[in-house]
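In: all I have is the shape, not the residue letters:
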């Protein structure tokens with residue numbers, strides 16, 4: 001089992017920045033690729049970003065490229081999502097997730113075995 005706890009969400013004005021953190025405990029963190037997903041009211045959960053186990057490969061959905069940065073610190077068992085130039089359409093509950101070690105796809109929620117409880121990010125216009 002891997003336990004994931006997100007933090008760092010809140011209310012921010014459009015154009016502002018927020019950094020989300022996701023602290024992991026349980027099984028060896030460095031064995032898991034990690035992802036961030038988000039879910040807005042009335043919408044399906046969508047992929048935001050992912051990072052490989054060693055942190056060398058990063059993947060983003062098109063709408064956040066150039067604005068969001070995913071990173072990880074394996075010594076601290078933590079993955080981060082730095083979100084800049086925020087827009088009202090970024091408003092959602094953000095979830096971090098640990099990918100199934102056998103998976104080779106980053107973009108779909110089904111490929112992730114463990115999930116945090118989510119943290120709300122609200123961007124006001």
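Out: Nice, thanks for sending it over. Values in this document were obtained by computation on a predicted structure and should not be read as measured data.
In: C-alpha from now on. contacts and neighbour counts both.
Out: Will do.
In: for residue 42, grab phi and psi.
Out: Main-chain dihedrals, residue 42, degrees, to the nearest 10: phi 80, psi 10.
In: can you tell me the closest non-neighbouring residue to the spatially most central residue of the chain?
Out: Centroid-nearest residue in the chain, with CA atoms, centre = their mean: residue 36, separated by 2.1 Å. The shortest distance from residue 36 to any non-neighbouring residue, by CA to CA, 6 or more residues apart in numbering, is to residue 96 (4.5 Å).
In: in this protein, mark out all the strands, start to finish.
Out: 2-7, 10-13, 18-26, 34-39, 46-51, 58-60, 68-73, 78-83, 92-99, 112-115, 119-124 (DSSP state E).
In: OK, contacts around the residue nearest to residue 36?
Out: Residues counted as contacts of residue 96 (CA atoms under 8 Å, 6 or more residues apart in numbering) are 4, 6, 22, 34, 35, 36, 37, 115, 116, 118.
In: run a quick neighbour tally on the fifth one.
Out: Using other CA atoms under 10 Å as the criterion, residue 35 is surrounded by 29 other residues.
In: specify the beta-bridge partners of it.
Out: Per DSSP bridges, residues listed as beta-bridge partners of residue 35: residue 50, residue 97.
In: which residues touch residue 35?
Out: By CA under 8 Å, 6+ apart, the contact list for residue 35 reads 47, 48, 49, 50, 51, 96, 97, 98, 99, 106.
In: state the mean pLDDT of stretch 58-65.
Out: Mean pLDDT, stretch 58-65: 98.
In: equivalent analysis for stretch 11-28, please.
Out: The pLDDT scores in stretch 11-28 average 94.
In: residues of it that come out buried?
Out: 12, 14, 17, 18, 19, 20, 21, 22, 23, 24 (16 or more other CA atoms under 10 Å).
In: quick one: contacts of that stretch?
Out: If you take CA under 8 Å, 6+ apart as the criterion, stretch 11-28 is touched by 1-9, 76-88, 96, 116, 121-125.
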